[in-house]
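Q: Pasting a predicted model and its sequence here:
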Amino acid sequence: MVKRKGIVIYFRSHKLLKKLNHFDINITYVNKLGKYLTGYVNESKYDEIEKALRKIKLVKKVESSRIDMEEFSFSG
């Protein structure tokens, strides 16, 4: 089983969406009004993808998803 890590990318322009095809990012949601997207990457490749994304001028900020850090328990 491949471990995945959530990623949130804030961008300046929608042109970035076409450039993201070169990275191994599975995009789950794109908010065009707020200019951010969420997705998942392989945990082993997260650091190198994050560094490469930070070098792109159209990217404002890259952060890991906080949902992956928490453990959810549903008890009733």
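A: Thanks, I have the structure now.

Q: in the chain, which helix or strand is least confident?
A: Using mean pLDDT, DSSP states H and E, the weakest-scoring helix or strand in the chain turns out to be helix 16-19, at a mean of 90.

Q: Counting by contacts, list what the helix or strand that comes right after that one packs against.
A: Following helix 16-19 in sequence order, the next helix or strand is strand 26-31 (DSSP states H and E). Here strand 26-31 touches strand 36-42, going by 3 or more C-beta pairs under 8 Å, 6 or more residues apart in numbering; DSSP states H and E. The C-beta positions use only the backbone N, C-alpha and C, and glycine is treated the same way.

Q: The next helix or strand after the strand it packs on vs strand 36-42, what angle?
A: As assigned by DSSP H and E, the chain's next helix or strand after strand 36-42 is helix 46-54. Between helix 46-54 and strand 36-42, the angle comes out at 150 degrees (axes from the mean of the first three to the mean of the last three C-alpha atoms, to 10 degrees).

Q: could we number from 6 for the rest of this?
A: Understood, numbering begins at 6; the last thing we discussed is helix 51-59.

Q: Just the C-alphas of helix 51-59, formatted as CSV.
A: What follows is helix 51-59, C-alpha atoms only, in CSV (Å, rounded to 0.1, in the frame of the first residue of the first chain):
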residue,chain,number,x,y,z
TYR,A,51,6.3,15.0,-1.2
ASP,A,52,9.5,17.0,-0.4
GLU,A,53,10.8,17.1,-3.9
ILE,A,54,7.4,18.1,-5.4
GLU,A,55,7.0,20.8,-2.7
LYS,A,56,10.4,22.3,-3.5
ALA,A,57,9.7,22.2,-7.3
LEU,A,58,6.3,23.9,-6.8
ARG,A,59,7.8,26.7,-4.7
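
Q: next one: it to chain centre, how far?
A: 10 Å (C-alpha atoms, centre = their mean, to the nearest Å).
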